[in-house]
Each structure stands twice: as structure tokens, then as C-alpha cells.
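**Student:** Sequence and predicted structure, then a few things I'm wondering about:
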Amino acid sequence: MSTQLPTPPPDDLLDAALRHELRWEAPPELTNRLLHLVPGAVPMATAEISPLPRWRLYVAIALMSLLILVSIPSASYLYQLVWFQWGFAQFIAQLEALPARLLQTFYETMPFARELVSIIALIRDQLHWLLVALVLWIILDNWQPERRLVHQESK
């Protein structure tokens, strides 16, 4: 028979995990820069870390680009399959037809609704032109052309 080892309480496990994760070691170059600020401090000896070869960077960029180029079409294909399988196309078609049905019901219940809607559309068109004029006014009001002063030398 094997004897089971006693397991520590969950609080101790969490405490140990937090202590392990919250341990942070400063990089040696940062430590040296900070030690240079203190008068009389002896800087630490640091080993030079050579930069990674450029080909590794290029390989990583190429792999990420390839992964992105493959994942976008595959995700769109998956969404298209789900879209047509669940019948979202019919749902969207019903949503597109809904405003026309609601407007027709509105016209049938209130006979003067057509005139009201045409007046609102006319006001909307006028407000669009007013907005265009306002934007042009603001642009022209803030526009200050460069003025060149020509200095003539007197002889």
C-alpha cells in the first residue's frame, strides 16, 4: 500500500504560487545604470548578450504573416458556413423588408402620414444643405493662406 502525502491547504498553495510569480529580477544593464547613479558603488560585471540573428526575425515575421493570411480566409469560410446553415440570410432579408412594412402600416392607419413623411424628408434635405454650408463656413473661417511679404531692397 502506498501512503498518500499530505497536501498543503489551498491557501498555502496560492501563497506559494503568488510568491513565485511575483518574484522579479531586474535586468543587469538596468542594475548597472542605477548603480552608476550612486556615488562610490561598484558596478556589476555583466555578460554581453548578443542580439538574435536577423534571419530569425525575418522567419518569425514571415510565419506570422503566413498564419494571418491563412486564418483570415479560413475564418471567413467558417462564418459563411455558419451564416447559411443557420439561415441568417433569410433573417437579414426579413429585417430589410421590415421598414417598408412598418411604413405601409403607418400609412394605412394614418391617412395624413404621407404628407408628414414628405415634409420630414424635405426638412431633412434642407438640414443636409445647412450642414454642408456650416462645414464650409468653419473650414473657410479657419483657413489662413500663407502671405508672403516681399521685401524690396532699396538701392
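**Tutor:** Good, I have the coordinates. Numbers count the residues shown, from 1 in each chain.
**Student:** what number of residues lie near Val117?
**Tutor:** Neighbour count for Val117, taken as other CB atoms under 10 Å: 13. In this view, the C-beta of every residue, glycine as well, is placed from N, C-alpha and C.
**Student:** Who are the contact partners of it?
**Tutor:** Counting by CB atoms under 8 Å, 6 or more residues apart in numbering, Val117 touches Leu103.
**Student:** what helix or strand is it on?
**Tutor:** helix 113-142 (DSSP states H and E).
**Student:** Kindly report the same for Tyr77.
**Tutor:** helix 54-85.
**Student:** separation between Trp83 and Glu96?
**Tutor:** 15 Å (CB to CB, to the nearest Å).
**Student:** higher neighbour count, the two?
**Tutor:** Trp83 (14 against 9).
**Student:** quick one: pLDDT of that one?
**Tutor:** Predicted confidence (pLDDT) for Trp83: 80.
**Student:** cool, the one 5 residues further on as well?
**Tutor:** At Phe88, the predicted lDDT confidence score is 81.
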